[in-house]
Structure formats: C-alpha cells, structure tokens
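Trainee: Structure of the sequence below:
(2 chains)
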Amino acid sequence: MIADPILEVTGLRTVFFTSAGLVRAVEDVSFTLRRGEVLAVVGESGCGKSITALSLMRLVPSPPGRIVAGSVRLEGRDLLAISEPEMRAVRGNLMSMIFQEPMTSLNPVLTIGEQIAEAVRLHRDVTKAQAWERAVEMLRRVRIPEPAQRAKEYPHQLSGGMRQRAMIAIALACDPKVLIADEPTTALDVTIQAQILDLVLQLQQESGTSVLLITHDLGVVAETAQRVVVMYAGRKIEEASVEDLFERPMHPYTHGLMRSIPHLAALSGAVAERLQEIPGMVPALSNLPSGCAFAARCGHADAACTAGVPPLVERRPDHFVACWHAGALS
Amino acid sequence: MAETYGRELRRAGADANSPLRRLLLLLRRYPLGAAGAFILTVFVLAAIFADAITWLDPLRTNAPEKLMVPGGKHWFGSDVMGRDIYSRIVFGARISLAVSLGATTLGSVLGVAVGLASGYLGGTFDLCVQRVMDILQALPLLVLALVTAAALGPSLTNTVIAIAIPMIPASARVIRSNTLALREAAFIEAAQVQGMSEWRIAIRHILPNTVAPLIVLATAQLGSAILTEASLSFLGLGIPEPAPSWGRMLSESAAEYMRTAPWLVIFPGAAISLMVFGTNLLGDALRDILDPRQRG
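Mentor: Numbering: from 1, shown residues only, chains lettered A, B, ... in the order given. The predicted structure is shown next:
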C-alpha cells in the first residue's frame, strides 16, 4: 500500500554563478515524498543536499544562485511557478524547515514564546492571546518542561537541545504538510541527538507531517527514514527503501559509505577491523569531470564510466541506481 | 559582570518581575549611570516645573540690580541687564533639552531609516546613499550645523533641524553595518523560512538587534547636541533672543565680564558641562543594561 505523493520534485537544477565559473550545485534531481513518510537525503558535505532543501523553499541566495530547471509540486501545485507573496504563504505554513544551528537560529532579543507566536500569527488569523496559547501548547508538545515559564525566556537561557526543540515548535506551529529537517542533530550532543530524533518521529506520527530529513549520518537514516536518496556531487545516484539500501547497496559510493560506519561487532571482535575510507575527495562542483562524478574514486571504474554520465535505472523493484556497473556489482 | 545580575536577583530571593526592585538593583549595579540619570532627571524636572521653582522673570531687565553678586534674591547673581541668572539657567534647560532631544530623535529616526534601507536593500541604492553619508561626515558636526543654521535662519525648529542633519550619518553607519552583519545571521534565514516578508524581517528582527548600539550612540549624540546648540547660540545662529539659551548667555558675557563678574560665565558653563556629563554617564550604563544577551 503506497500513500499518495505530497511533494514531487522533478528535474530540479540549481546553479551558482561564481567567479570560479558555473557551479552546478543540484543537477537534475528528482524524488517523491509521500504522505506521512520520512525520506532521508544522504551525502557528504558539499554534495548539494542543503541547496536542494533551500531550492524547495525557494530560498537559494540569489544572486549568485538560481534554480534553472525543474518543478517542485506540493500537492500538485508547482512552487517554482507561483509568485513570491504566494510562496511566503507556503513557507512556514504548508512547508517548514529546521536548521543545523539551533544556537543561532533564534532571534536573541525576542522570547521563545514571542517567536513561536509570531510564526502562528503570520499564517493564522488569531489574536495575540490565542497565538501565545498556541506557543505554550507547542512548547508542551515538543516536551519542554514548564512551557508557560519557558515561553517567557530568551534563547540564551536555553540549552542547545532546548533551542532545537523550540525551533521544531516554531516549524510545526502551523501544522505544515512537509517538514524539511536539514541536519537537525549535527550540532548537538549524542544523547541529545537521539532525543531530538525521537521527538521528530513522535511528532511526525502524531501530526502526519511528511519529513524530508537531510543528513550525512547513515545511523540516523537507519533509525528514522523509510526511504533514502543518496546524493553525490549534486546528483541523485541511488534511491531505495531503507531496508533494501542497507542490505543491498548497489552504487559503489553507497557501498563505501556503508563500509565507513563503525560496527560494534567488528570493534569488539578479536581482530579490530580497520574502517574502510573512500579514497580521494569530492570533485569541485565548478569543475566536474565528464562521465560519472565518482569514477576517480571508484575501484570499479573503467572507460565507460568516464565516457558518459550513467542514467538512473530501476535495477530492482523500487531501487534506482545511477551506475554503469550496478548490475554486475550486486 | 552584568550576566550575574539575574542570578544575584534570584539568590537574594527577589521578585525579578517587580519593576521597582529591578530598578533599585540596577541603581546599585550601575552607580555612575544612576548619577547620570539623576543629573538628567534634575534638569528635566527643572525644565518642566520652571515656572514653579523660579520667582523672577528670566526675560525682565532690571537696570538698578545689574551685575549683582550671587546670593540673596539672585541665587546665581544677575547679568549686565539685571536679569536673574538662576531663572535664566532654569528656563535655559527647557531650550537646551528641547533642542538636544528633538535633534537627537530626529537625527536617529532618519539615520535608522537610511541605515536600514541601505543595509538591507544593498546594491546601487546602498552605494549612492553611502556616498552622500560620506560627504556629510567629511564635514565637522559644528561646521555643517553652522551652515545649515545660517541657511535656514535662527529659530527653534531650524536649530533642531540644523543639529539633526549632521547626526544622520553616524546612526546610519551603525545601523547599516549591523544590518549587513545580521542579514547573514541564521535566525534571519529561519525567519524567511517561516514565510516572513523582507519588510517585516527588517523591522521585527533586524531593528531590535541594533537597539543597544543605537541607544549608546544616541546618548553620546545627545551630549554633542547640547554642545552644538550652545555653540550655535554662542555664535549667534541658534535660538534667537530673548529666549534664555546657555550658549548665548556665555557669548554675551564671556569677553567683557569674565574677570569682573565671573558668575555670568561660571553658571551657564557649569550647566552645559553637567548636562553633557550626565548624558555620557547614563549612556555608558544603558549600553550595559540594554544588551539582551546579558539580561539574566
């Protein structure tokens, strides 16, 4: 049983015009987020996953950035085609976003409650008192103790984990259909990371919001997502369900990512196995090689790989991969 | 130092929400600021209740009682036309405060508008506006005020405008540089993500974050506005006669009576110095208090 799609991204292409030349940050990326689903986008720093998120929100800094092609359909409406005031009514209302830095994502001169209430009043026709009530209720929903008191406090009086909870409260204050979480736990302590992830999942199940989770942490992906999109150098190179991807990764890059995760079993074993790293570095997006961007770092690369960009092919049911040798590898 | 303020309150078991207690604690924390506030309060009260606390008309000349030594009926003595200096100082506070507060407010409001627009819009607009500010700033405050005052003619309103215009670049600069820095802040991006309009972000999120430096600057400018008004009046371009202006009181008497009747110079001079001193003390304390990151 497959739920209907809520966010369909097709052929998205975002470029930056810089002094170093044209940077293709997002190149022909397509994916579908279904209702009530958690979809993870995984990749190294600089692979274009954050720019993908900003593109969906139409907040790519411009200039130098520009979305040059594609469509982003939220419940069938193309967000790239609507006017800026219409887009403002979408942001924070139908589609929200939380960021990596909870320490700086809150305005230092306004109280937490004021900031949540402001988000509510932007999109809902409510009185100040009602918005404040909603703010306190949201703080309670993100499991902040003594929400009525906390609402009157300033961001600097809260810990990092608390601030991220407050950010989540702001993002979910208007019951958005889609929540984009851009590395929501990266800046937090490991114990707090787990709490925040649990919270996001619980809220997601309570409210039925669909979540696009952007992360570089495969551990986080395994725990939270149903589907995974793997990105490399601005392109989507693999997409599959979480189980399928972890069991049978088909792209050599995904293979490499899996091998670079420390396993407890291996660590506690008699022979301490050395973690496998992926040799080389991500190529500069302003100067991508012809053919497969991963070829230079790939052990299986041959002439075919440098000759042409591999197309995304459904190698197994619902498992897409962009590699000339994917069939042979699995 | 200031971050312990909230903690100290709690340790003392004080009700941090009682405004009176907060005020008392602030006074104890910042004794110099309290002194500055006290000085200004005295001047403000004197200006408001000038009629009640004086008994002689500051404008009425009285030839038989000219150049009286301080004491008796004339607390601060009398000038060459027999006018009571104490009355003139008290009524002069009205002029001085009205002009300096008016000029600083006008200058800050215009400066904020220019700085915010310049920093937020950027581009060609910013470039052009900043060059105009450069030109304004290249001229000393007093010279620019002199030229403006001379062009507009002496009157209370014109003096306010003449002092306010040269003040615009300083606040515009502060607001612009803060706006530029804040535009890149993560919470501005977060505000955009919430669907806030640019205009709303500028007013609601950028402006409040620039209040602390603006207040410090405004209090410093208040001091120089007082001085500039005195200087303009001293040079005959400020508040026209017969209104009692401290600057004019100095200019009338400085040359001739400095030695023979020093009280003609001492009291207006002391009034100017004291008021400027008060604004500076208060400004320093406000800078510490108003920074929300240090609010406990």
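Trainee: Can you give me the neighbour number for A:Leu275?
Mentor: Residues lying near A:Leu275 (other C-beta atoms under 10 Å in any protein chain shown) number 12. All C-beta atoms are positioned from the backbone trio N, CA, C, and that covers glycine.
Trainee: residue boundaries of the helices in the stretch 151-296 of chain B?
Mentor: Secondary structure of the stretch 151-296 of chain B, counting by DSSP state H, counting those that start in this stretch: helices at B:156-164, B:168-183, B:186-193, B:198-200, B:211-234, B:246-257, B:263-290.
Trainee: who wins for proximity to chain A among the ones you listed?
Mentor: Closest approach to chain A among the helices of the stretch 151-296 of chain B is made by helix B:186-193 (4.0 Å; C-beta to the nearest C-beta).
Trainee: contacts for the closest one?
Mentor: Helix B:186-193 is touched from outside by A:57, A:59, A:91-92, A:96-97, A:99, A:101, A:104-108, A:167, A:170-171, B:182, B:201, B:204-206, with contacts defined as C-beta atoms under 8 Å, 6 or more residues apart in numbering or on different chains.
Trainee: Need the buried ones from the residues you listed selected in PyMOL.
Mentor: The buried residues among the contacts of helix B:186-193 can be selected in PyMOL (16 or more other C-beta atoms under 10 Å in any protein chain shown) with this line:
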select buried, (chain A and resi 57+59+91+92+96+97+99+101+104+105+106+107+108+167+170+171) or (chain B and resi 182+201+204+205+206)
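Trainee: ok, now which ones touch the nearest residue in space to A:Ala25 that is not next to it in sequence?
Mentor: Distances taken as C-beta to C-beta, 6 or more residues apart in numbering or on different chains put A:Ile51 closest to A:Ala25, at 4.3 Å, once the chain neighbours are dropped. By C-beta under 8 Å, 6+ apart, the contact set of A:Ile51 is A:14, A:25-26, A:60, A:65.
Trainee: can you pick the most crowded of these?
Mentor: Among the contacts of A:Ile51, A:Val26 has the most neighbours (other C-beta under 10 Å), with 31 neighbours.
Trainee: wouldn't it be in contact with A:Ser55 here?
Mentor: Yes. With contact defined as C-beta atoms under 8 Å, A:Val26 and A:Ser55 form a contacting pair (6.0 Å).
Trainee: Could you look up the SS state of the residue in the stretch 151-300 of chain A that chain B sits nearest to?
Mentor: Proximity of the stretch 151-300 of chain A to chain B (C-beta to the nearest C-beta) peaks at A:His156, 5.8 Å away. At A:His156 the chain is in helix, as set by DSSP: H, G, I helix; E, B strand; the rest coil.
Trainee: what inclination does the host helix or strand of B:Thr105 have with respect to helix B:211-234?
Mentor: For B:Thr105, the enclosing helix or strand under DSSP states H and E is helix B:85-121. Angle, helix B:85-121 to helix B:211-234, by axes from the mean of the first three to the mean of the last three C-alpha atoms, to 10 degrees: 130 degrees.
Trainee: Export the next helix or strand along the chain from helix B:85-121 to PDB, keeping only CA atoms.
Mentor: Remark: after helix B:85-121, the chain's next helix or strand is helix B:123-138, criterion DSSP H and E. Once non-C-alpha atoms are left out, helix B:123-138 reads as follows in PDB (Å, rounded to 0.1, in the frame of the first residue of the first chain):
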ATOM      1  CA  GLY B 123      23.300  47.400  -4.300                       C
ATOM      2  CA  THR B 124      23.200  50.700  -6.100                       C
ATOM      3  CA  PHE B 125      20.900  52.300  -3.600                       C
ATOM      4  CA  ASP B 126      23.400  51.500  -0.800                       C
ATOM      5  CA  LEU B 127      26.300  52.800  -2.900                       C
ATOM      6  CA  CYS B 128      24.600  56.100  -3.600                       C
ATOM      7  CA  VAL B 129      23.300  56.600  -0.100                       C
ATOM      8  CA  GLN B 130      26.700  55.800   1.400                       C
ATOM      9  CA  ARG B 131      28.500  58.400  -0.700                       C
ATOM     10  CA  VAL B 132      26.100  61.100   0.500                       C
ATOM     11  CA  MET B 133      26.800  60.000   4.000                       C
ATOM     12  CA  ASP B 134      30.500  60.200   3.300                       C
ATOM     13  CA  ILE B 135      30.100  63.800   2.200                       C
ATOM     14  CA  LEU B 136      28.000  64.700   5.200                       C
ATOM     15  CA  GLN B 137      30.500  63.000   7.500                       C
ATOM     16  CA  ALA B 138      33.500  64.700   5.900                       C
END
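Trainee: what's the offset of helix B:123-138 from the middle of its chain?
Mentor: Centroid separation between helix B:123-138 and its chain, computed with C-alpha atoms, centre = their mean, to the nearest Å, is 25 Å.
Trainee: Any buried residues in that helix, and which?
Mentor: By 16+ other C-beta under 10 Å, the buried positions in helix B:123-138 come out as B:126, B:129-130, B:133, B:136-137.
Trainee: which secondary structure elements does it contact?
Mentor: helix B:85-121, helix B:168-183 (3 or more C-beta pairs under 8 Å, 6 or more residues apart in numbering or on different chains; DSSP states H and E).
Trainee: Show me what from chain B comes close to chain A.
Mentor: By the rule C-beta under 8 Å from any C-beta of the partner chain, the part of chain B lying against chain A is B:185-187, B:189-197, B:204-205, B:208-209, B:211, B:292-293, B:295.
Trainee: for the chain, which spans come out with low pLDDT?
Mentor: Assuming you mean chain A. Residues of chain A meeting the criterion pLDDT under 70: A:1-2, A:263-273, A:328-330.
Trainee: Wait, chain B was what I had in mind.
Mentor: For chain B, the ranges with pLDDT under 70 are B:1-17, B:291-296.
Trainee: contact partners of stretch A:284-297?
Mentor: Against stretch A:284-297 from outside (C-beta under 8 Å, 6+ apart): A:18, A:20-25, A:46, A:48, A:232-235, A:237, A:251-253, A:256, A:278-281, A:283, A:298, A:301, A:305-310, A:322-324.
Trainee: So which bits of that stretch are buried?
Mentor: Across stretch A:284-297, burial judged by 16+ other C-beta under 10 Å covers A:285, A:288, A:291-295, A:297.
Trainee: end to end, how far does it reach?
Mentor: Terminal residues of stretch A:284-297 lie 13 Å apart, using C-alpha to C-alpha, to the nearest Å.
Trainee: Check stretch A:259-275 too.
Mentor: In stretch A:259-275, first residue to last residue: 7 Å (C-alpha to C-alpha).
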